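*Asks:* here is the input, now give the coordinates:
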Amino acid sequence: MPYENESASKASYIDIIKNPDVQEFLSKCEYIQPPSGQEAEQACSPFKLVPDFSGNLPQNIISWDGSPYESSPDLQSIPSTRYVFVKLSGILINTQKMRSLRNREQNLVDPFEVARLMENRGSLHFVFPSSNLKYKSCSSVAEGFRKALHDWLSHPRTALNSRDSIESTLFFLASMRPDKMATNDPRFLKIHSCPACQEDAILTIENKDEEQFCPKCGAAVHPTDCLRLHEAVTETHSNQEAAQRFMMTIEHLIAIHYIKYFLEEFPQVLGNMAFFIDGPLALFGQPAWLHSSIMKFINGMNDKLNKLGLLKPTIIGLQKSGQVVDFTNLIANYIPNDTIAPVTDEYRYKYILQNRDQASKTFGYETYYGQDFIYKTKSGKIFVFGVPYPFADKNPVEAFNESKSNAQNYPEISSVASLISSLETELYKNAVIPIALAHKYTAISLFPGGKVLDILTKAYLDKSSD
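*Replies:* Down below sits the predicted model:
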């Protein structure tokens, strides 16, 4: 391993290629299967031309992206002291205004108009105690993390009206759980057990301002404990994992929070809106239970809009990285332009997850609420995106497994592909403008952004210890 700032020698490879042991080893190796274009061509066989779309695309797009940063104000001290910052940014883009930016004669974009386009953005900031820190009167890092999570998500600043915070949306989703944890009443939710005494008894929590307590040990319990994010929190080490899980969870929660608000207050605008979520339409780890509630909510919303004679919104999960993206990049040159293919379980386990046993039920049974597609645009850019399953649940599994990746069950695919194609950007590889801009205003750079946060946290710690 090199020292810090030490650069590698540009000629160090010469000794390796001249080494007789290396040469002998390589001479004894042979392909298990000689590489050829034939297998790549087979992997591209499911791709079909994108159906023509002549309708109207959504005029308004809302996109979110999150960024975590763990601040260590004094790396020289033992025990290590850390805060966790998470920034979530959203941006609203009017597609008609965006398309009018470019001067077709000169192929130039007016930078002042671009600046005005990006004015419709906002951010939520979350701070959590990490190692060697306690929040308010809490006795441990995990307890402080739980308290801070409840305080942030129940705060009025997260409400889109006078009453419903993000935590209220969490109550709504928790009431729709398909198991014994369901309450069927958005005024209540259930948590598996008290995080303090670990009593293996389901607790029912009410959506109210007053603090609530475990009936056995008397410790405070919070509605957000149902996410079980605190289970990833450590007392003395980095809590980047907990921050990452929270960030991925809040990106989906905030999307449903907005969609639910529009459905209740202005359902007529939803058909003209698109919502971009960064990553697959899936939740992982302890909060994964949310996926089934989101799936049920979206299906119920679509039924309600259909009965009202209104169009449903476009919901897209756009993946920038991951196993499907990595595989797609390998075969990108073989995929014809302007084609699309659903990622079936058979395809996924044959080409993408070759070393994994196939799921006993269906891929993503406990995590996904949307179907993955691979799309290559007319210009040759590759996108992996997901759209919500057109079902309320995954039962019976056999029928769901057969239907979930049937492209005919997704009539919106041509409009989604057309929308993605219209939003291509050269800012990053295979990127679209809404996600790229949301990321631009969210990402916390290690320097100077991270350094500034380190200085800020140290100043507050020094002040509190005076």
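*Asks:* how is the protein divided into domains?
*Replies:* 36-129+244-466, 133-235 (automatic domain parsing).
*Asks:* end to end on the shortest one, go ahead and measure it.
*Replies:* The separation between the terminal residues of domain 133-235, taken as CA to CA, to the nearest Å, is 8 Å.
*Asks:* from the chain's centroid, how far away is it?
*Replies:* In terms of CA atoms, centre = their mean, to the nearest Å, the gap separating the centre of domain 133-235 from the centre of its chain is 21 Å.
*Asks:* again with the longest one
*Replies:* From the chain centre to the centre of domain 36-129+244-466 is a distance of 6 Å (CA atoms, centre = their mean).
*Asks:* hmm, back to that, and the domains of the chain, which one averages the lowest pLDDT?
*Replies:* Mean pLDDT values for those show the minimum at domain 36-129+244-466, a mean of 83.
*Asks:* if we can go back for a sec, could the domains of the chain be laid out in TSV, adding mean neighbour count and distance to residue 15?
*Replies:* Backbone N, C-alpha and C define where each C-beta goes, glycine included. As requested, the domains of the chain are arranged in TSV below (neighbours: other CB atoms under 10 Å; distance: least, CB to CB, whole Å):
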stretch	mean neighbour count	distance to residue 15
domain 36-129+244-466	17	31
domain 133-235	17	43
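*Asks:* make a markdown table from those domains and add distance to residue 12 to it.
*Replies:* Output for the domains of the chain, formatted as a markdown table (distance: least, CB to CB, whole Å):
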| stretch | distance to residue 12 |
| --- | --- |
| domain 36-129+244-466 | 28 |
| domain 133-235 | 39 |
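*Asks:* which one of these lies closest to residue 19?
*Replies:* domain 36-129+244-466 (30.3 Å; CB to CB).
*Asks:* show me where the stretch 351-466 of the chain has its helices.
*Replies:* Secondary structure of the stretch 351-466 of the chain (DSSP state H, counting those that start in this stretch): helices located at 397-403, 413-422, 433-440, 451-465.
*Asks:* tell me the helices and strands packed up against the second one.
*Replies:* Taking 3 or more CB pairs under 8 Å, 6 or more residues apart in numbering; DSSP states H and E as contact, the helices and strands that helix 413-422 lies on are strand 314-319, strand 370-376, strand 382-388.
*Asks:* tell me what the first one is packed against?
*Replies:* Strand 314-319 makes packing contacts with strand 273-278, strand 370-376, strand 382-388, helix 413-422 when contacts are defined by 3+ CB pairs under 8 Å, 6+ apart.
*Asks:* circling back: would you turn the helices and strands packed on helix 413-422 into CSV with distance to residue 85?
*Replies:* Listed next are the helices and strands packed on helix 413-422 as CSV, based on distance: least, CB to CB, whole Å:
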stretch, distance to residue 85
strand 314-319, 24
strand 370-376, 29
strand 382-388, 28
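*Asks:* just tell me which of these ends up closest to residue 20.
*Replies:* Nearest to residue 20, of all the helices and strands packed on helix 413-422, is strand 382-388, at 42.8 Å by CB to CB.
*Asks:* quick one: that closest one to strand 273-278, angle?
*Replies:* Strand 382-388 runs at 120 degrees relative to strand 273-278, counting by axes from the mean of the first three to the mean of the last three CA atoms, to 10 degrees.
*Asks:* which strands or helices does strand 382-388 pack on?
*Replies:* Contacts defined by 3+ CB pairs under 8 Å, 6+ apart place strand 382-388 against helix 290-307, strand 314-319, helix 323-331, strand 370-376, helix 413-422.
*Asks:* closest to residue 264 out of the helices and strands packed on helix 413-422?
*Replies:* Evaluated over the helices and strands packed on helix 413-422, closeness to residue 264 peaks at strand 314-319, with 17.0 Å, by CB to CB.
*Asks:* angle of the closest one against strand 370-376?
*Replies:* Taking the same axes, to 10 degrees, strand 314-319 and strand 370-376 form an angle of 70 degrees between their directions.
*Asks:* okay, strand 314-319 in CSV with CA atoms only?
*Replies:* Extracted in CSV, the C-alpha atoms of strand 314-319 (Å, rounded to 0.1, in the frame of the first residue of the first chain):
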residue,chain,number,x,y,z
THR,A,314,-45.4,8.9,-13.8
ILE,A,315,-43.1,7.3,-11.1
ILE,A,316,-39.6,6.4,-12.2
GLY,A,317,-36.7,4.9,-10.2
LEU,A,318,-33.5,5.6,-12.1
GLN,A,319,-30.4,3.6,-11.3
